[in-house]
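Engineer: generate a structure from the sequence data that follows.
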Amino acid sequence: MNPIDLEIYWNRLIAITDEAGATLKRTSFSTVVRESNDFACVLLDTQARLVAQSSLSIPGFIGTAPLSLAGMLKVFPRETLKPGDILFTNDPWVGTGHLPDATMAAPIFAHGKLVAFAIAVAHLSDVGGRQWSADANELYEEGLRFPVIKLAEEGRFNPLVMQLLEANTRLPQQVKGDIEAQVGALAVAERRLVDMLAEYGLAGIDEIAAAIFKASEEAALRELRRIPPGVYRGSVDSDGFDERVSIQATITVTDAGVTVDYTGSTPQVRYGINETFNHTYAYTIYPFKCLLSPGIPNNDGFTRLFKVIAPEGSIVNARPPAAVGARHLIGHQLQAAVFDALSGVLPERVQADSGTPLWSVLLRGVDAARGTSFSTILFFNGGMGAMRDRDGPPAAGFPANISNTPVEIAETLAPVLFGAKRLDDGSGGGGARQGGMGQVVSFTSRWPGRLRVSLLTDRTRVPAKGIMGGAAGRAGHVHLNGVAVDNPKSVVEMHEGDTLELGLPGGGGYGQARI
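Structural biologist: Numbering: from 1, shown residues only. From the prediction side, this is the model:
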């Protein structure tokens, strides 16, 4: 394909997914999507291969989308699909790894022929069950689980899905609004892709996809071949729930691709920090994307170079019905094991461990006497790890690009008053380059009754380690009225006037400090 034509088509496909993403973001009801960008919109070819994604899409959803679509097509094969169908699931082992994420896929037809698929994924604000937390013991406590079903069939929506969700969720209006926003995003992607094909006189996107895959694979292989073939080992430890968790990564590099094997990692645990394979796969390939071809949009030409082995029954590939609600507390740390393994051969590109994972705080209050209640989710980021040529950015989302929740939004939606939201000086690890600072956030409850707060946190005991001789960042903390919370992955209760302080961890430093 002519390189100029390819560039035009490629950018047009990205523009289509960006418009779909903007539709989802701007029409959603929850702050999880609207403010924190916990969503993705992607286009795939008829073989379920990733072609393009919106610029705001998070890596976890981009990486799981092809696996999710492949799982959906096992239930509803391509030849059975018709215009107007929408497939739907939140099954953690088919979708993105936990129940709150709704994955939808729509076949796109042109001239009566299947030409592509669009996928929209969004984190719903509630899916029933117990309050979103890390301390569930099995999946059944964590909410409603939908197998792969048709949300719509030839444009006719299945009312039972929304009836079930509205009857079993605490925020039916928000949940319904976000699902309808996803449906709207899929419609935009379909309409714009059909318009593009008509404008350029194309029968489909297969030729474009093949050219994109070829260009991306060649670019990634050029960078991959800078790594000497061999076997490299890295690891990362984290707090776990009640015992430390260790992730062991063995990376085998050849001229043709990379295999990452997590054999030796901690077995799955009884609490909700377990990973499913799809999420592990997504956050394994993402650090390689950062290392090898950060400027190339994600697509199958890059991802096909990687194989991930995650032993079933381990913390990175739990067997159902394991609790997986807080799976990001493990998944967001996989990047550290990859960077650790490759630090000896790519010292100029690796990054020290970050003050990840993303801290998620769910606030819920029920006033039975007045018949009122509320529920909202807040996100906060620690400091990123340093690299050879830069200090780590403070309070930045990595490896997920989920944004911190603005104070103004949080105070509008929840009966809390913030007393502090500042960078935590000195929390980044020292070295030739300084790790990013974490942040300190405190708020006071103004709710007249009991406020239940789910804490989905990590690195309060095991700090983010430095790399290439850099020092570890400062560990985080959670204090209720000035007293350390016993288990910062638990659900705590606040009463009116109580103050919760979150000290997010700093990132690790890079290299030995100059004297």
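Engineer: for the nearest residue to residue 228 once chain neighbours are set aside, grab the count of nearby residues.
Structural biologist: Excluding its sequence neighbours, the residue lying closest to residue 228 (CB to CB, 6 or more residues apart in numbering) is residue 345, at 6.0 Å. Bear in mind the C-beta positions are built from the backbone N, C-alpha and C, glycine included. Per other CB atoms under 10 Å, the neighbour tally for residue 345 reads 15.
Engineer: how about the nearest residue to residue 168 once chain neighbours are set aside, secondary structure?
Structural biologist: Setting aside the residues directly before and after it, residue 168 is nearest to residue 128 in space (CB to CB, 6+ apart), at 3.9 Å. Three-state assignment for residue 128 (DSSP: H, G, I helix; E, B strand; the rest coil): coil.
Engineer: got it, and the one 4 residues further on?
Structural biologist: Using three-state DSSP, the three-state assignment for residue 132 comes out as coil.
Engineer: distance of it relative to residue 144?
Structural biologist: According to CB to CB, to the nearest Å, residue 132 stands 13 Å off from residue 144.
Engineer: so between those two, which is more surrounded?
Structural biologist: Counted by other CB under 10 Å, residue 132 and residue 144 do not tie: residue 132 has more neighbours, with 27 against 17.
Engineer: contacts only, for that one.
Structural biologist: Residue 132 makes contacts with 100, 126, 142-143, 325, 360, 362, 377, 454, 456, as judged by CB atoms under 8 Å, 6 or more residues apart in numbering.
Engineer: can you redo those residues as a markdown table with pLDDT and secondary structure?
Structural biologist: A markdown table is the format used below for the contacts of residue 132 (pLDDT from 0 to 100; DSSP: H, G, I helix; E, B strand; the rest coil):
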| residue | pLDDT | secondary structure |
| --- | --- | --- |
| 100 | 97 | coil |
| 126 | 95 | coil |
| 142 | 97 | coil |
| 143 | 97 | coil |
| 325 | 97 | coil |
| 360 | 96 | strand |
| 362 | 96 | strand |
| 377 | 95 | strand |
| 454 | 97 | strand |
| 456 | 97 | strand |
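Engineer: can you map out the helices along the stretch 401-515 of the chain?
Structural biologist: Remark: helices assigned in the stretch 401-515 of the chain by DSSP state H, counting those that start in this stretch are 407-413.
Engineer: can you map out the strands along it?
Structural biologist: For the stretch 401-515 of the chain, applying DSSP state E, counting those that start in this stretch gives strands covering 416-423, 439-445, 451-456, 477-480, 483-484, 491-494, 499-503.
Engineer: note down every partner strand of the last one and its orientation.
Structural biologist: Translated: strand 499-503. Strand partners for strand 499-503, identified by DSSP bridges, are recorded as strand 439-445 (antiparallel), strand 477-480 (antiparallel).
Engineer: out of these, nearest to residue 510?
Structural biologist: Proximity to residue 510 (CB to CB) singles out strand 439-445 among the strands paired with strand 499-503, at 20.6 Å.
Engineer: which residues does that closest one contact?
Structural biologist: So strand 439-445 is contacted by 380-382, 394-395, 404, 410, 415-424, 451, 494-504 (CB under 8 Å, 6+ apart).
Engineer: that strand to strand 451-456, inter-axis angle?
Structural biologist: Taking axes from the mean of the first three to the mean of the last three CA atoms, to 10 degrees, one finds that strand 439-445 is oriented at 160 degrees with respect to strand 451-456.
Engineer: the strands of the stretch 401-515 of the chain: which one's closest to residue 245?
Structural biologist: Minimum separation from residue 245 across these (CB to CB) falls at strand 451-456, 14.7 Å.
Engineer: gap between residue 174 and residue 123?
Structural biologist: The span separating residue 174 from residue 123 equals 11 Å under the rule CB to CB.
Engineer: which one's more surrounded, these two?
Structural biologist: For residue 174 and residue 123, the more surrounded residue by other CB under 10 Å is residue 123, and the numbers stand at 25 against 21.
Engineer: correct me if wrong: that one contacts residue 37.
Structural biologist: No - Residue 123 is beyond contact range of residue 37, at 9.9 Å (criterion: CB atoms under 8 Å).
Engineer: quick revisit: what is the neighbour count of the residue nearest to residue 168?
Structural biologist: Residue crowding around residue 128 was assessed by other CB under 10 Å; the count is 16.
Engineer: separation between it and residue 414?
Structural biologist: To residue 414, residue 128 is 20 Å away according to CB to CB.
Engineer: what is the burial count for the residue lying closest to residue 397 once chain neighbours are set aside?
Structural biologist: Sequence neighbours aside, residue 381 is the residue nearest to residue 397 in space, at 4.8 Å (criterion: CB to CB, 6+ apart). Neighbour count for residue 381, taken as other CB under 10 Å: 26.
Engineer: contacts only, for residue 381.
Structural biologist: Contacts were defined as CB under 8 Å, 6+ apart; by that measure residue 381 touches 355-356, 358-359, 395-398, 402, 404, 439, 504.
Engineer: so which of those is surrounded by the most neighbours?
Structural biologist: Neighbour counts for the contacts of residue 381 (other CB under 10 Å) peak at residue 355, which has 38 neighbours.
Engineer: would you confirm that that residue contacts residue 472?
Structural biologist: No - in this structure, residue 355 is not within contact of residue 472 by CB under 8 Å, at 10.3 Å.
Engineer: overlap in contacts, the two.
Structural biologist: In contact with both residue 355 and residue 472: residue 464, using CB under 8 Å, 6+ apart.
Engineer: pick out the residue closest to the middle of the protein.
Structural biologist: With distances taken as CA atoms, centre = their mean, the chain has residue 60 as the residue nearest its mean C-alpha position (3.7 Å).
Engineer: just the element for that residue, please.
Structural biologist: Secondary structure here is read from DSSP states H and E; on that basis residue 60 sits in helix 59-75.
Engineer: show me what that helix is in contact with.
Structural biologist: For helix 59-75, the surrounding residues in contact (CB under 8 Å, 6+ apart) are 39-40, 42, 44, 48-50, 53, 87, 89, 93-97, 101, 103, 105, 117, 119, 121, 147-148, 277-279, 281-283, 285-286, 289, 298, 300, 303, 328, 331, 399-401.
Engineer: got a PyMOL select line for the buried ones in these?
Structural biologist: In PyMOL, a selection of the buried entries from these looks like this (16 or more other CB atoms under 10 Å):
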select buried, resi 39+40+42+44+48+49+50+53+87+89+93+94+95+96+97+101+103+105+117+119+121+148+277+278+279+281+282+283+285+286+289+298+300+303+328+331+399+400+401
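Engineer: state the distance from the closest residue to residue 107 other than its chain neighbours to residue 195.
Structural biologist: Among residues not flanking residue 107 along the chain, residue 81 sits closest, at 4.4 Å (CB to CB, 6+ apart). When distances are taken as CB to CB, residue 81 and residue 195 turn out to be 21 Å apart.
Engineer: the two: who's more crowded?
Structural biologist: Higher neighbour count among residue 81 and residue 195: residue 81, with 22 against 13, using other CB under 10 Å.
Engineer: that one and residue 100: what is the separation?
Structural biologist: On the measure of CB to CB, residue 81 and residue 100 end up 26 Å apart.
Engineer: same question, residue 313
Structural biologist: Residue 313 is 24 Å from residue 100, by CB to CB.
Engineer: the two - which one has more neighbours?
Structural biologist: Taking other CB under 10 Å, residue 313 and residue 100 do not tie; residue 100 has more neighbours (24 against 12).
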